[in-house]
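**Student:** what's the 3D shape of this:
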Amino acid sequence: MTVKTGSEYLASLRDDREVWMQGERIEDVTEAPGLARGAHTLASFIDKQHEEAHRDLLTYEEDGERHPISFLMPRSADDVRRRGTAFYEWARWSNGMFGRTPDYKLEFEGGTPLSKESRSGASIHLALDWESCARLAPN
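**Tutor:** Take a look at the predicted model:
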């Protein structure tokens, strides 16, 4: 998945998802009191992927396209460190309030192929599941 903009992320939230808060259905999570600021803050973090100062920290290049660092399948200790540095920045920008950004499940799945268990037949399933998660992540 190539890098989205914050506007694209916000537009992706304006769909037919069903969200309820305090007993009322929320039609647009990007405008609802109590949710809008979080959505727009996350959108501003996503926009940082396009800024020259953060581009190499938050994204990687593959086949001539930029991708969010969360999609980088770690194949070395350096890859793990690189991803960790980027995730630390996201946490720092939010003062730890976004401890689980929407791509957190990708991080769990992305690290799994490095585990001892990945050498078994289960590794194929885990790699495919990681690919599924990657397609669904917001950035």
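**Student:** could you use CA atoms for every contact and neighbour count after this?
**Tutor:** Fine.
**Student:** can you pull the pLDDT of S7?
**Tutor:** pLDDT, S7: 96.
**Student:** likewise for G121?
**Tutor:** For G121, pLDDT reads 46.
**Student:** now swap in the one 4 residues further on and tell me
**Tutor:** The score at H125 is 46. That number is its pLDDT.
**Student:** so what does the residue of the chain positioned farthest from its centre have for phi and psi?
**Tutor:** Outermost residue of the chain with respect to the C-alpha centroid, by CA atoms, centre = their mean, is G23; its distance is 28.8 Å. Backbone torsions of G23, given as degrees, to the nearest 10, read phi 80, psi 0.
**Student:** please report how far it lies from A32.
**Tutor:** G23 sits 14 Å away from A32, going by CA to CA, to the nearest Å.
**Student:** quick one, helices of the protein?
**Tutor:** With helices called from DSSP state H, the chain shows them at 6-13, 36-47, 52-58, 77-93, 104-111, 122-136.
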